[in-house]
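**Student:** I'll drop the sequence and a predicted model, then ask my questions.
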Amino acid sequence: MSELAPSRVVRAGYLLLGLFFVALGVIGAFLPVMPTTIFIILAAWSFGKSSPRLENWLLNHRFFGPPLRAWRAEGAIPTVAKIVAVISMAGGYALFLWQAHPAPWLAAGVAVLLLACGTYVLSRPAPAAK
């Protein structure tokens with residue numbers, strides 16, 4: 001659990017941010033081009049600063065809870081999530097190239113950013129078997 005923000009206004013901001021991240025995470029659960037887990041991790045962090053009840057709800061959620069707890073305990077990402085993330089990044093990049101026809105410098109910059117993100121995702125351990 002995280003430490004609550006010092007003022008009510010700041011806590012309210014974190015609460016709204018957490019709700020926004022949950023909404024993005026739910027959208028990501030249904031759209032293959034949107035990530036889910038990172039938004040749920042950010043939501044849990046936001047709720048940790050604003051609402052222990054909502055943070056606990058996320059940590060114990062049937063769908064979102066296990067990857068969130070694995071991330072908090074071990075910095076782990078499930079293998080299936082890694083595969084989906086990397087394939088989504090590659091597909092999104094291909095779509096970007098096909099539809100946007102970016103300048104070479106922009107295409108290279110996006111490629112470097114996505115390669116860094118993909119490398120990070122793949123470098124995370126898989127959750128320990130229980």
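**Tutor:** Thanks, I have it.
**Student:** any weak-confidence spans in this protein?
**Tutor:** In the predicted model of the chain, residues 1-2, 32-33, 130 satisfy pLDDT under 70.
**Student:** Walk me through the domains of it.
**Tutor:** 8-74, 79-123 (automatic domain parsing).
**Student:** among those, which is the most enclosed?
**Tutor:** Most buried of those, by mean neighbour count (mean count of other Cβ atoms under 10 Å): domain 8-74, with a mean of 17. Placement of C-beta: from N, CA and C, glycine included.
**Student:** now the end-to-end length of that one.
**Tutor:** 31 Å (Cα to Cα, to the nearest Å).
**Student:** Kindly provide the distance from residue 14 to residue 108.
**Tutor:** Counting by Cβ to Cβ, to the nearest Å, the separation of residue 14 from residue 108 is 36 Å.
**Student:** next one: residue 71
**Tutor:** Here residue 71 is placed at a distance of 30 Å from residue 108 (Cβ to Cβ).
**Student:** Reformat the domains of the chain as TSV; add distance to residue 129.
**Tutor:** Below are these laid out as TSV (distance: least, Cβ to Cβ, whole Å):
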stretch	distance to residue 129
domain 8-74	11
domain 79-123	12
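**Student:** Thought residue 69 was touching residue 128, still the case?
**Tutor:** No: counting by Cβ atoms under 8 Å, residue 69 is not a contact partner of residue 128; they are 11.3 Å apart.
**Student:** quick one: which helix or strand includes the residue most central in space within the chain?
**Tutor:** The chain has residue 38 as the residue nearest its centroid, 0.6 Å off, counting by Cα atoms, centre = their mean. Per DSSP states H and E, residue 38 falls inside helix 37-50.
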